[in-house]
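In: Fold the following.
(chains A, B, C and D)
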Amino acid sequence: MRTKLSTGATEALAGIPDGATIMIGGFGRAGQPVELIDALIEQGATDLTIINNNAGNGETGLAALLAARRVSKIVCSFPRQSDSQVFNGLYAAGLIELELVPQGNLAERIRAAGAGIGGFFTPTGFGTQLAEGKETRKIDGRNYVLEYPLRSDFALISALHADPWGNLVYRETARNFGPIMAAAATTTIAQVDSVVELGALDPEFVVTPGIYVDRVVAVGERSWLRHGIFIGEQA
Amino acid sequence: MRTKLSTGATEALAGIPDGATIMIGGFGRAGQPVELIDALIEQGATDLTIINNNAGNGETGLAALLAARRVSKIVCSFPRQSDSQVFNGLYAAGLIELELVPQGNLAERIRAAGAGIGGFFTPTGFGTQLAEGKETRKIDGRNYVLEYPLRSDFALISALHADPWGNLVYRETARNFGPIMAAAATTTIAQVDSVVELGALDPEFVVTPGIYVDRVVAVGERSWLRHGIFIGEQA
Amino acid sequence: MSLSREDLAAIVARDIREGSYVNLGIGIPTLVANYLPPGDAIILHTENGMLGMGPSPAEGQEDPDLMNAGKLPVTARPGASYFHHADSFAMMRGGHLDVCVLGAFQVSERGDLANWHSGAPGAIPAVGGAMDLAIGAKQVFVMMDLQDRDGRPKLVADCSYPLTGVACVDRVYTDRAVFDITLDGLVVRETFDTTHDELRELLALDLIGIL
Amino acid sequence: MSLSREDLAAIVARDIREGSYVNLGIGIPTLVANYLPPGDAIILHTENGMLGMGPSPAEGQEDPDLMNAGKLPVTARPGASYFHHADSFAMMRGGHLDVCVLGAFQVSERGDLANWHSGAPGAIPAVGGAMDLAIGAKQVFVMMDLQDRDGRPKLVADCSYPLTGVACVDRVYTDRAVFDITLDGLVVRETFDTTHDELRELLALDLIGIL
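Out: Numbers count the residues shown, from 1 in each chain, chains lettered A, B, ... in the order given. Purely as a prediction, here's the structure:
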């Protein structure tokens, strides 16, 4: 196997062009690939479409990418939070486009992209504003909305360990969107706390098989684990 | 938590009526819940619809259930094998109905049932006999067939270990259909080699969360592991 | 004359059967956790990828990777499991949770739920998992005051706020009474220092109930 | 005058790039494994739930839980992973495998594949993963004899056998020549002791190729 290990975040991000669609893992801050996002800010690609559950918290990570005016559109389920001031300001000023997707439909659309499914009927959102204009169907007495896969050019995700094949394991609820985004992107870049030897991950316990991972960069223990605690805010 | 542990296979199968639809795990013999199938033969329920990847191998397990004439219909992807003589005979005599489903559509239909998806567009089978009469659609230039979820009243599956909450871990390629069938059945019954203490399974490594498992019966090391080796035959 | 939120949370907790898998929504429903039976009689789900969620950690023991859907630090019970977002929402959408408890702006007498969007012009919409929770569980309970701050009923003939889900609520716990939403209509299940006549006058809805 | 299956397997193996994820179908394609570079340059997938499949175990070391799609005992390489059937077929259907090698009854000049059903009356149909393999990989290679036992070409204008997939085959390796199926037509990629004229006569198909 050719190695998937990059020497650093900058190298790992090579080739991301202006106008790219990028999935970024994380639920709030847990699982957010902060070091990769910082490198993306430095790298300079702009006019990006970002797919994430949220729209940035505080002033760092995804919020800092937004503040740097690199993002023209965001697809997410929960932009408005007590600390989403960066997004709020851009949105109010008409400087960012928002596609709001119910969280489960967001997850299932991402999963469908990775799984080669052309579309699926979901009960979530039926009869609501978020299904307006969409095809609906009653199947076995229940109402569904047709939703389509959500793909991206790149995925930036965060995991706990990788091996040289790119197999990944995660930590607790930081797993969240990582596994499905890895499969839905053309090129998946994973930051991990550390890389372990081939064979060190039990094949029963691999969560993301390496086939879904193109580049791996070890960043050391993530800053969230070092600096940690944050204030809660709803979903 | 009320215990999910049954004292034996007979108790675990309580309440399976004539005419039930039952998913049975396993790919060939790996992951086949042989002890539960033996108990089902003894229990006597008949006119069953069985969902399995295959239609029985040799003279034991699922093949023995067929031989006992308890199965009126089988939904599977690969009935014909070198050792599927029991099914072959019943089918040739018109004594069993067959619904043939491509293996990936079988897996995805089972997954859809557990996931609350009303239907999905799959590229698999488009333009073939197995899509005849089914709705098709071209999405983003690719052709798809609409397939519907596959549910069951019961699932009989085999895993390696369970804890008292019904969390399951599997062994190697015996995992196959177990996790998705567990989620697709109204009542899921798992045979396991052994039950471990609550907390003994690492939450990172649980494959089937206990919410999908209703009854657990420890059978000791499975007979396949004791008596083992079998002859290969295609998928 | 009306019940405190804590007392109401205790009543909701009382109605959740042992062995249930439960998702407690953000906000007021979270209070229900304080009144559940001790031990592991009830297993809590959090949609960001965990079954077997435990209480808040002791101060200083917070783990940034272990949080609930409200992004507050939590713990894991023995027997817990983690899974990714598609698996977590499959669990919800697939009808595997026994009970989900949600807050609401409004509930209609047919069980329509409005709890995600004020509909105010200029407001930034944010839905999160609300629409998935609304349609997913075997039983969807709502906890809310029966009236808003201006005294207007929140249990209504038709929701004026944007809907979260259609005909999805099974039971509404309020500070004045508990209602079951049935195919026959709104059933008054229990009242708190409030008569049926008072409820009828307040709500202007047809009510069915044991007098 | 024509290539042995072993020699053909070696040629297929030569064309698979290092770092590829590959599924080798049941039967003749399995031979390709014997000619892949040593080590872990190529990672094998088996649709019953594994990446990183290794060779057959030593006699007496067979593990009944560890098998390939042909239900033959295999081993796991360091770096392997197991997953359930829906995840495995999502991997295939989602286009993540670089190469899939399949046997065939017939392939049409547009890349239609027939390999699952003889169509004979009374035959018990069995499809397994054939239709998923046909549509899933980035490149679908077929290995087959150019002619059947009766001398009839198996690379045809239109398949007479029931189809496994439509326009899904990218390349056909036969004992006489290798063909690329392109939007421009059938391209002769390489020949084995066979001239283009002989191929044209045998197949009665338009061929494009470097003479």
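In: In chain C, what helix or strand scores lowest on average pLDDT?
Out: Lowest mean confidence among the helices and strands of chain C (mean pLDDT, DSSP states H and E): strand C:207-209, at a mean of 87.
In: Distance from that strand to the middle of the chain?
Out: Counting by Cα atoms, centre = their mean, to the nearest Å, strand C:207-209 is centred 22 Å from the centre of its parent chain.
In: residue ranges with poor pLDDT in chain C?
Out: Segments of chain C classed as low confidence (criterion: pLDDT under 70) are C:1, C:210-211.
In: how about the strands in it?
Out: Assigned by DSSP state E, chain C shows strands spanning C:21-24, C:43-46, C:50-54, C:75-82, C:99-102, C:106-108, C:113-114, C:139-143, C:155-156, C:171-173, C:177-182, C:185-191, C:207-209.
In: can you check chain A too?
Out: Counting by DSSP E, the strands of chain A are A:21-24, A:48-51, A:71-76, A:97-100, A:119-122, A:136-139, A:142-147, A:152-162, A:168-169, A:185-195, A:215-218.
In: ok, residues contacting the third one?
Out: Which is strand A:71-76. For strand A:71-76, the external contacting residues (Cβ atoms under 8 Å, 6 or more residues apart in numbering or on different chains) are A:47-55, A:65-66, A:87, A:96-101, A:106, A:150. Where you see a C-beta, it was placed from the backbone N, CA and C, and this is true even at glycine.
In: Pairing partners for that strand, with directions?
Out: strand A:48-51 (parallel), strand A:97-100 (parallel) (DSSP bridges).
In: Could you double-check that A:Ile51 sits in contact with A:Gly25?
Out: No - between A:Ile51 and A:Gly25 there is no contact under Cβ atoms under 8 Å: 9.8 Å.
In: neighbour count winner among these two?
Out: A:Gly25 (32 against 26; other Cβ atoms under 10 Å in any protein chain shown).
In: residues in contact with that one?
Out: A:Gly25 is in contact with A:Gly31, A:Gln32, A:Pro33, A:Asn52, A:Ala155, A:Leu156, A:Ile157, A:Ser158, A:Asn176, A:Phe177, A:Gly178, A:Met181, counting by Cβ under 8 Å, 6+ apart.
In: Let's have those residues in CSV, adding neighbour count, distance to D:Ala9 and pLDDT.
Out: Converted to CSV, the contacts of A:Gly25 look like this (neighbours: other Cβ atoms under 10 Å in any protein chain shown; distance: Cβ to Cβ, whole Å; pLDDT from 0 to 100):
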residue, neighbour count, distance to D:Ala9, pLDDT
A:Gly31, 32, 44, 94
A:Gln32, 31, 47, 93
A:Pro33, 28, 42, 95
A:Asn52, 29, 46, 98
A:Ala155, 32, 36, 98
A:Leu156, 34, 40, 98
A:Ile157, 32, 38, 98
A:Ser158, 31, 42, 97
A:Asn176, 33, 43, 98
A:Phe177, 32, 41, 98
A:Gly178, 31, 38, 98
A:Met181, 34, 37, 98
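In: Of these, just say which sits nearest to D:Ile16.
Out: Checking the contacts of A:Gly25 against D:Ile16 with Cβ to Cβ, the nearest one is A:Ala155 at 25.9 Å.
In: how many other residues sit next to the residue lying closest to the closest one once chain neighbours are set aside?
Out: Leaving aside its sequence neighbours, A:Ala155 sits nearest to A:Ala185 (Cβ to Cβ, 6 or more residues apart in numbering or on different chains; 3.4 Å). Other residues near A:Ala185 come to 26 when the count uses other Cβ under 10 Å.
In: so A:Ala185 makes contact with A:Pro149?
Out: No - with contacts defined as Cβ under 8 Å, A:Ala185 does not count as touching A:Pro149, sitting 11.9 Å away.
In: any chance of the strands of chain A in CSV, plus distance to D:Asp87?
Out: Formatted as CSV, those follow (distance: least, Cβ to Cβ, whole Å):
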stretch, distance to D:Asp87
strand A:21-24, 19
strand A:48-51, 21
strand A:71-76, 24
strand A:97-100, 27
strand A:119-122, 16
strand A:136-139, 25
strand A:142-147, 20
strand A:152-162, 17
strand A:168-169, 14
strand A:185-195, 16
strand A:215-218, 21
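In: pLDDT score assigned to the nearest residue to C:Ala90 once chain neighbours are set aside?
Out: In space, and not counting its chain neighbours, C:Ala90 is closest to B:Ala115: 3.5 Å by Cβ to Cβ, 6+ apart. B:Ala115 is assigned 98 on the pLDDT scale.
In: so B:Ala115 sits right up against B:Pro179, yeah?
Out: No - between B:Ala115 and B:Pro179 there is no contact under Cβ under 8 Å: 11.7 Å.
In: for the residue of chain A positioned farthest from its centre, what are its contacts?
Out: In chain A, A:Gly141 marks the outermost C-alpha relative to the chain mean, sitting 34.4 Å out by Cα atoms, centre = their mean. If a contact means Cβ under 8 Å, 6+ apart, then A:Gly141 has no contacts.
In: how's chain A carved up into domains?
Out: What automatic domain parsing lists as the domains of chain A is A:18-101+A:151-219, A:108-149.
In: what's the first-to-last distance across the longest one?
Out: Which is domain A:18-101+A:151-219. This stretch, domain A:18-101+A:151-219, spans 25 Å end to end (Cα to Cα, to the nearest Å).
In: Now do it: distance to the chain's middle.
Out: 4 Å.
In: Surely A:Gly104 touches C:Ala130?
Out: No - A:Gly104 is beyond contact range of C:Ala130, at 10.0 Å (criterion: Cβ under 8 Å).
In: Now for the residue nearest to C:Leu163 when sequence neighbours are not counted: which residues touch it?
Out: Of all residues not flanking C:Leu163 in the chain, A:Thr128 sits nearest, at 4.9 Å (Cβ to Cβ, 6+ apart). By Cβ under 8 Å, 6+ apart, the contact list for A:Thr128 reads C:Met131, C:Pro162, C:Leu163, C:Thr164, C:Gly165, C:Val166.
In: just A:Ser6 next, same as before
Out: By Cβ under 8 Å, 6+ apart, A:Ser6 lies in contact with A:Ala12, A:Ile189, A:Arg215, A:Val216, A:Val217.
In: can you redo the residues you listed as a markdown table with distance to A:Ala200 and neighbour count?
Out: Below are the contacts of A:Ser6 laid out as a markdown table (distance: Cβ to Cβ, whole Å; neighbours: other Cβ atoms under 10 Å in any protein chain shown):
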| residue | distance to A:Ala200 | neighbour count |
| --- | --- | --- |
| A:Ala12 | 21 | 25 |
| A:Ile189 | 21 | 27 |
| A:Arg215 | 19 | 23 |
| A:Val216 | 14 | 26 |
| A:Val217 | 18 | 24 |
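In: Which pLDDT value belongs to A:Gly15?
Out: 95.
In: ok, and the closest non-adjacent residue to it?
Out: Nearest residue to A:Gly15, sequence neighbours excluded (Cβ to Cβ, 6+ apart): A:Thr187, at 7.6 Å.
In: wait, isn't C:Val169 in contact with C:Gln106?
Out: No - counting by Cβ under 8 Å, C:Val169 sits too far from C:Gln106 to count as a contact (10.3 Å).
In: Looking only at neighbour counts, state which of these two leads.
Out: Comparing C:Val169 with C:Gln106 by other Cβ under 10 Å, the one with more neighbours is C:Val169, at 28 against 22.
In: Chain C against chain B: which residues are in contact?
Out: Residues of chain C lying close to chain B by Cβ under 8 Å from any Cβ of the partner chain are C:18-19, C:21, C:40-41, C:43, C:45, C:50-52, C:76, C:78-83, C:90-97, C:136.
In: Among the residues you listed, the buried ones, what's the PyMOL command?
Out: Restricted to buried positions by 16 or more other Cβ atoms under 10 Å in any protein chain shown, the PyMOL selection for the residues of chain C next to chain B reads:
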select buried, chain C and resi 21+40+43+45+50+51+52+76+78+79+80+81+82+83+90+91+92+93+94+96+97+136
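In: For chain A, what lies in contact range of chain D?
Out: Residues of chain A lying close to chain D by Cβ under 8 Å from any Cβ are A:1-2, A:111, A:113-117, A:163-165, A:167, A:183, A:198-199, A:201, A:203-204, A:206, A:209-212.
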